[in-house]
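Peer 1: Mind looking at a prediction? Sequence and model below.
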Amino acid sequence: MNWNIETHHLGKNFGKVIAVNDLSLKVAEGEIYAFLGLNGAGKTTTIRMLLAMIKPTNGSASVLETEIRMGCRRPWSDVGYSVEIPYAYPELTVQENLEIARRLHPHTSKAQVKRTIEKFGLEEYAQRRAGTLSQGNAQRLGLAKAMLHNPKLLILDEPANGLDPAGIVEVRELLLDMAHNHGVTVLMSSHILAEVSRMADRIGIIHKGNLLQELNAAALEANRQKRLIIRTHDNEKAAVLLESSGLWTDRLPDSSVVCAHPECVNRPDQIAEKLVQAGLPPLHLAVEEENLEEYFLRLVGMKAQ
Ligand SMILES: Nc1ncnc2c1ncn2[C@@H]1O[C@H](COP(=O)(O)OP(=O)(O)OP(=O)(O)O)[C@@H](O)[C@H]1O
């Protein structure tokens with residue numbers, strides 16, 4: 001297996017703030033790896049360390065089999081990246097920004113700039129100053145710059161930020177195409193689980209600087225909790241009835257009874273019978289799967305609102 005990214009016990013402190021703690025991960029060639037975490041989780045700090053923009057406090061990282069050191073020239077000709085502010089020169093036009101990016105990569109042709117502008121739907125903005133672009137188009141420009149020189153590895157911080165739903169789908173398809181049809185490896189960060197679950201081969205969940213879990217989309221699906229939602233004309237009584245049978249329950253804000261016990265989830269028919277026998281015929285009885293955001297919040301130890 002070729003690992004395009006490897007980190008070993010990587011850490012970064014800013015004074016007393018531990019931004020990234022003991023992070024060890026590997027990203028295989030051709031894989032889309034999504035780094036998922038809430039604001040302040042440590043995603044950007046990790047990405048900036050991988051790109052040698054900041055120096056780790058602890059540990060080491062290698063990118064395209066080159067150990068990362070500050071000021072080192074390799075392996076950046078094969079890496080495309082977009083971090084935080086996606087355009088470097090707000091006073092210059094979209095085309096001029098891409099021209100500058102092209103000159104940084106000697107093997108990139110002028111025709112490639114034109115093709116990239118078309119590919120990212122930036123034709124009508126080509127002569128616009130980058131600083132006047134909407135957030136979505138600025139993000140497109142950032143991605144265009146990152147991909148201009150056909151890199152082997154893309155490192156993208158929140159690539160869907162500021163994009164409308166159609167833009168998010170576009171970026172998703174573009175990245176999937178790059179990874180699956182052109183063998184490009186992608187490491188991206190996001191705070192939106194639903195966005196990455198449709199695209200990433202693997203997801204690393206980071207919280208308060210720690211990598212909590214790494215899993216693929218199938219495992220994520222399997223880990224999502226199922227629960228039975230029950231409404232009767234007396235929800236309080238229904239909850240007491242289930243609790244008296246050893247089936248733990250919870251309540252939703254609308255007072256519906258929630259039961260995640262396997263007996264509730266796997267045999268809702270028996271629960272219905274029990275309720276009917278107690279004079280509490282269910283008005284609503286449905287097994288629901290925890291949504292992705294709830295799963296994420298459960299994992300990071302917060303209660304979904
Ligand atoms: N230059 C800095 N100086 C001090 N603290 C910093 C610095 N950069 C980041 N931090 C802190 O490190 C922690 C991780 O920040 P980071 O930007 O990596 O998180 P993130 O997951 O990318 O979040 P966001 O999506 O908000 O950018 C936060 O507590 C942040 O305040």
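Peer 2: Happy to help now that I have it.

Peer 1: which residues touch the residue of the stretch 101-250 of the chain found nearest the ligand?
Peer 2: Closest approach between the stretch 101-250 of the chain and the ligand, counting by Cβ to the nearest ligand atom: residue 191, at 5.8 Å. No exception for glycine: its C-beta is placed from N, CA and C like everyone else's. By Cβ atoms under 8 Å, 6 or more residues apart in numbering, the contact list for residue 191 reads 36, 37, 38, 39, 41, 43, 158.

Peer 1: if you set the cut-off to 10 Å instead, what comes out?
Peer 2: The contact partners of residue 191, taken as Cβ atoms under 10 Å, 6 or more residues apart in numbering, are 35, 36, 37, 38, 39, 40, 41, 43, 158, 160, 161, 296.

Peer 1: Okay, the closest residue to the fifth one other than its chain neighbours and residue 299: tell me how far apart.
Peer 2: When the adjacent residues along the chain are set aside, residue 39 lies closest to residue 191, with 6.4 Å between them (Cβ to Cβ, 6 or more residues apart in numbering). Separation of residue 191 from residue 299 (Cβ to Cβ, to the nearest Å) stands at 14 Å.

Peer 1: What of residue 272?
Peer 2: Residue 272 is 31 Å from residue 299, by Cβ to Cβ.

Peer 1: ok, now residue 286?
Peer 2: 24 Å.

Peer 1: Neighbour count: those two, which is higher?
Peer 2: The neighbour comparison of residue 286 against residue 299 (other Cβ atoms under 10 Å) goes to residue 299, with 15 against 12.

Peer 1: contacting residues for that one?
Peer 2: 36, 193, 205, 207, 212, 213, 223.

Peer 1: average pLDDT across the particular helix or strand that has residue 273 in it?
Peer 2: Using DSSP states H and E, residue 273 sits in helix 268-277. In this model, helix 268-277 has an average pLDDT of 96.

Peer 1: for that helix, packing partners?
Peer 2: Applying 3 or more Cβ pairs under 10 Å, 6 or more residues apart in numbering; DSSP states H and E, one finds that helix 268-277 contacts strand 226-231, helix 235-244, strand 257-259, helix 262-266, strand 284-289.

Peer 1: so how far is the longest one off the chain centroid?
Peer 2: Taking the mean C-alpha point of helix 235-244 and that of its whole chain, the gap between them comes to 39 Å (Cα atoms, centre = their mean, to the nearest Å).

Peer 1: Give the buried residues for that helix.
Peer 2: 235, 238, 239, 241, 242 (16 or more other Cβ atoms under 10 Å).

Peer 1: repeat for stretch 272-280
Peer 2: By neighbour count on 16+ other Cβ under 10 Å, the buried set for stretch 272-280 is 272, 274, 275, 278, 280.

Peer 1: Show me the contact partners of that stretch.
Peer 2: 228, 230, 232-235, 237-238, 240-242, 244-245, 247, 257, 263, 267, 281-282, 285.

Peer 1: ok, now with 6 Å
Peer 2: By Cβ atoms under 6 Å, 6 or more residues apart in numbering, the residues outside stretch 272-280 that reach it are 232, 237, 238, 241, 282, 285.

Peer 1: give me the low-pLDDT residue ranges for the chain?
Peer 2: Across the chain, the ranges flagged by pLDDT under 70 are 85-88, 302-305.
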